[in-house]
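Novice: Below are the sequence and a predicted model for it; my questions follow.
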Amino acid sequence: MNMTEMGEVVAYLLRYRTAERQPSGGRKRRAAREGQLSERDVCALIDDALDTEREALRDFLAGQGLRLRVFEPGDYPGITPGSRLYALLPDTELEQPPLYTRDPVFAALRLRQESRAELAQWYLQLWLLLHTLLYTRLNRALSDVSRYQEATFATTELVELLREQLEGLRELGDTAPETSRALLDERGEDIARRVKAFIDLQMRAGQLEAVRETVNDDSGDVWQQTLLGALEAEQIGVHHLSHLVDLLSSQASPEPTHEDGPGDEKTRADSADIADEADADAQDIEAEEADLFADDPALEETGGRS
């Protein structure tokens, strides 16, 4: 792998975040296109690289705060026998340079003339509610990476959950966090449009993939978390969101029952408190996910974790 090929491999990984020898789930290999290698060629170049070339690739990615992790069949469910999956991830031990832009996120979520702070709040709320669907309702911990194939939801479920969240904020009246009140100005199809834009961002970031697409089904499209998404959620939870866990734990309140569901008033109040306490962190949390499709991971072969 010469320097030109290394640059092409990195460009591919920055675009798609993962590459597989034999794609799973019936997905076809990504074909080559102008200025971009095919998925087959990317895997072949990494597989055949000499130790010195792998070291150069590792150093190149480390300079961007990134790491390329390698997973074999048996590390996690969904990796085809005889295949190998390469995943580009942020390196939590390195700082990422300020060269990646969040502008695509703000552009996608903006419907009118909202400020960046307001858009960060929309992203934060949607991100938290997405994790309610992928984790909370499954009684699943962030460390349960191997259960990523169970984590599915319909578009309409996220729309309804967001609608319930906003209704909960309205019920709080003047006690609602000042930073969240801008979310109550939505009208018409704003909620559905923002949810669609958010899901599209997650798809581009390699966090979600379509399970099935429907035309006349009232439930709408169905999405599943990807292995990359599960790995990054675990990483973000361990290294960046521990203060939010401490915040909830310190409230010493009873846990909501399954019957209460994610729209329960206490859950909404907790979310409102989080939004208020974490206002200074909102754009950081948004950046963790927002920058995923624009940046992230160095070459390190690791085994999976359950």
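Specialist: Done, it's in.
Novice: for the protein, which residue is closest to the average position?
Specialist: residue 207 (4.4 Å; C-alpha atoms, centre = their mean).
Novice: Quick one: classify residue 224 as helix, strand or coil.
Specialist: strand (DSSP: H, G, I helix; E, B strand; the rest coil).
Novice: how close does it get to residue 22?
Specialist: 19 Å (C-beta to C-beta, to the nearest Å). C-beta here means a position set from N, CA and C on the backbone, and glycine is covered the same way.
Novice: got it, and residue 199?
Specialist: 27 Å.
Novice: Residue 224 and residue 22: which has the busier surroundings?
Specialist: Taking neighbours as other C-beta atoms under 10 Å, residue 224 and residue 22 compare with residue 224 leading, 19 against 16.
Novice: Tell me who's in contact with that one.
Specialist: 148, 149, 151, 152, 208, 209, 210, 211 (C-beta atoms under 8 Å, 6 or more residues apart in numbering).
Novice: Tell me the spacing between it and residue 202.
Specialist: Residue 224 is 11 Å from residue 202, by C-beta to C-beta.
Novice: Low-confidence stretches in the stretch 151-300 of the chain?
Specialist: For the stretch 151-300 of the chain, the stretches with pLDDT under 70 are 212-220, 240-300.
Novice: can you do 90?
Specialist: Counting by pLDDT under 90, the stretch 151-300 of the chain shows low-confidence ranges at 165-190, 204-205, 211-221, 235-300.
Novice: Helices along that one, start to end?
Specialist: Applying DSSP state H, counting those that start in this stretch to the stretch 151-300 of the chain gives helices spanning 155-172, 190-204, 227-239, 242-250, 265-277, 282-290.
Novice: how does this protein divide up, domain by domain?
Specialist: 3-99+295-301, 103-293 (automatic domain parsing).
Novice: Neighbours of residue 150, how many?
Specialist: 13.
Novice: before we move on, what about residue 7?
Specialist: The tally of other residues near residue 7 (other C-beta under 10 Å) stands at 11.
Novice: still on that earlier bit, so can I have TSV of the contacts of residue 224 showing distance to residue 110?
Specialist: As requested, the contacts of residue 224 are exported to TSV (distance: C-beta to C-beta, whole Å):
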residue	distance to residue 110
148	30
149	33
151	28
152	28
208	21
209	25
210	24
211	28
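Novice: Quick one: buried ones out of those residues?
Specialist: Burial by neighbour count, judged by 16 or more other C-beta atoms under 10 Å, picks out 148, 149, 151, 152, 208, 209 from the contacts of residue 224.
Novice: Which residue is the nearest non-sequential neighbour of the fourth one?
Specialist: Residue nearest to residue 152 in three dimensions, not counting chain neighbours: residue 224, with 4.7 Å by C-beta to C-beta, 6 or more residues apart in numbering.
Novice: With residue 23 instead?
Specialist: residue 29 (5.9 Å).
Novice: sec struct for that neighbour, please.
Specialist: coil.
Novice: for it, what are its contacts?
Specialist: Residue 29 neighbours (C-beta under 8 Å, 6+ apart): 20, 23, 38, 39, 40.
Novice: And it, how far from residue 41?
Specialist: Counting by C-beta to C-beta - residue 29 and residue 41 are separated by 10 Å.
Novice: go on, residue 133?
Specialist: 36 Å.
Novice: what do you get for residue 27?
Specialist: 17 Å.
Novice: Comparing the two, which residue is more hemmed in?
Specialist: Using other C-beta under 10 Å as the criterion, residue 27 and residue 41 rank with residue 41 on top: 17 against 11.
Novice: ok, for the more buried one, nearest residue in space, not its chain neighbours?
Specialist: Residue 41 sits nearest to residue 32 (C-beta to C-beta, 6+ apart), 6.9 Å away.
Novice: Could you pull out the strands in this structure for me?
Specialist: Under the criterion DSSP state E, the chain contains strands at 18-20, 66-71, 85-90, 152-154, 208-212, 222-225, 299-301.
Novice: Taking helix 227-239 as reference, get the angle to the second one.
Specialist: Here the directions of strand 66-71 and helix 227-239 differ by 120 degrees (axes from the mean of the first three to the mean of the last three C-alpha atoms, to 10 degrees).
Novice: Distance from strand 66-71 to the middle of the chain?
Specialist: 16 Å (C-alpha atoms, centre = their mean, to the nearest Å).
Novice: Thanks a lot, see you next time.
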